[in-house]
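Engineer: Sequence isn't available, so here's the structure alone:
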């Protein structure tokens, strides 16, 4: 606990008070203004369609990048002083990404009509938006490829600046498109906004031409494909499956209850995403790197319970304030048309609280590359989420989706506690955590 508090005092708060804070605030403000514009010019029904497209494109983008981002950052950071190994890493990722992006773009473009029938209700024809997204996809992948290189070289300042400028550019384009074309403009903005950031990234890295000669076909390495494989599969599973399940649930709401109610659910998800940004940034900045460092049960237990004692009470208090001010929040972020969203807050907030409790521990799967544990628990989580969503939606309407959110994370948390019960509650052994989890790591 002391280590966590010291880290927050010395590092996290410093970052939150500087450019990183500006980046998070920019994202929240951009999200707020976009949500407000959608509420005023599009309405709940349009928000449901936007949510479906966003979830579909999230999965497509993850597949196009092959979930390689974290693996690329790791190996570039490791080999940034070794030109040959660096060249192998960059070349392998570049050509893997090139092949996957071309394949995904072609599939989306030439199957746009079929995709339209899957993600939109039958009376909507937005196949042209799918084609626009397919054309924009390579620029998004190039941007992520560049970001991973900059991150690997620890160029955090330029990354944050690019993110801030990119968010502002995306916001301006989105607001203009929504104002001029309503729902069509909002959907086009979803398709191209993240790809536009590449224009800013290109300006930011134009002077780093020394990296281009490192990309060579002959440096493509099957050995690096294998090394990056576990990172890729773990990232892809969550990045593809979770958005598709969210899309399926929202589509079920549209088909059984209505477009408007699906829009209310998407509005609740957006609000949830905004306040979870603060916790997720802390988890990324501190918890994951720290769990990667520790090698014994005692430190693992101390980190988990230290986080629980110091951060969770603050998080709980914040959720309580959000619940009490839910009417005001809905009115400010959206409009009076979204007043039914207030009924969704209780179960969504409870589910998010349990979600954070479980993720703090589950990050150990990523930190120690416990591949099969990660895949099996994530598969269990999404299967329970979908099954309980259908069940509770049939019983309680759209509120049932938020009840399912809570129930699924309670069950997921129970599984996580069961897996790590000996590390968290048992007698602390002398051997290291690595030895305690040696069997799991070998399975991965």
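Structural biologist: It's in. No experiment lies behind these values; they were computed from the predicted model shown. Residues are numbered from 1 along each chain as shown.

Engineer: Near residue 84, how many other residues are there?
Structural biologist: Other residues near residue 84 come to 10 when the count uses other Cβ atoms under 10 Å. Glycine gets a C-beta too; all of them are placed from N, C-alpha and C.

Engineer: Just list the residues touching the closest residue to it other than its chain neighbours, thanks.
Structural biologist: By the measure of Cβ to Cβ, 6 or more residues apart in numbering, the closest residue to residue 84 outside its immediate chain neighbours is residue 219, 8.0 Å from it. Contacts here follow Cβ atoms under 8 Å, 6 or more residues apart in numbering; on that basis residue 219 touches 84, 87, 88, 90, 91, 92.

Engineer: mind putting the residues you listed in CSV, pLDDT and secondary structure included?
Structural biologist: Compiled in CSV, the contacts of residue 219 are given as follows (pLDDT from 0 to 100; DSSP: H, G, I helix; E, B strand; the rest coil):
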residue, pLDDT, secondary structure
84, 78, helix
87, 77, helix
88, 79, helix
90, 79, helix
91, 81, helix
92, 81, helix
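
Engineer: Filter the residues you listed down to the buried ones.
Structural biologist: In the contacts of residue 219, burial by neighbour count holds for 87, 88, 90, 91, 92, counting by 16 or more other Cβ atoms under 10 Å.

Engineer: ok, of these, which one's closest to residue 414?
Structural biologist: Distance from residue 414 was checked for each of those by Cβ to Cβ. The minimum falls on residue 92, at 39.7 Å.

Engineer: my guess is that closest one meets residue 220, correct?
Structural biologist: Yes - with contact defined as Cβ atoms under 8 Å, residue 92 reaches residue 220; the gap is 5.4 Å.

Engineer: Now find how far off-centre the helix or strand hosting residue 241 is within its chain.
Structural biologist: For residue 241, the host element (DSSP states H and E) is helix 222-256. Mean-position distance between helix 222-256 and its chain equals 11 Å (Cα atoms, centre = their mean, to the nearest Å).

Engineer: Which segments of this protein make up each domain?
Structural biologist: With automatic domain parsing as the criterion, the domains of the chain are listed as 1-22+257-444, 42-225.

Engineer: Output the ones you listed as a markdown table; include the columns distance to residue 250.
Structural biologist: Converted to a markdown table, these look like this (distance: least, Cβ to Cβ, whole Å):
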| stretch | distance to residue 250 |
| --- | --- |
| domain 1-22+257-444 | 5 |
| domain 42-225 | 6 |
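
Engineer: The ones you listed: which one's closest to residue 247?
Structural biologist: Residue 247 lies closest, by Cβ to Cβ, to one member of these: domain 42-225, at 4.1 Å.

Engineer: From one end of the closest one to the other, what's the distance?
Structural biologist: By Cα to Cα, to the nearest Å, the extent of domain 42-225 from end to end equals 44 Å.

Engineer: Return the distance of that domain from the chain's centre.
Structural biologist: Its chain's C-alpha centre and that of domain 42-225 lie 14 Å apart, by Cα atoms, centre = their mean.
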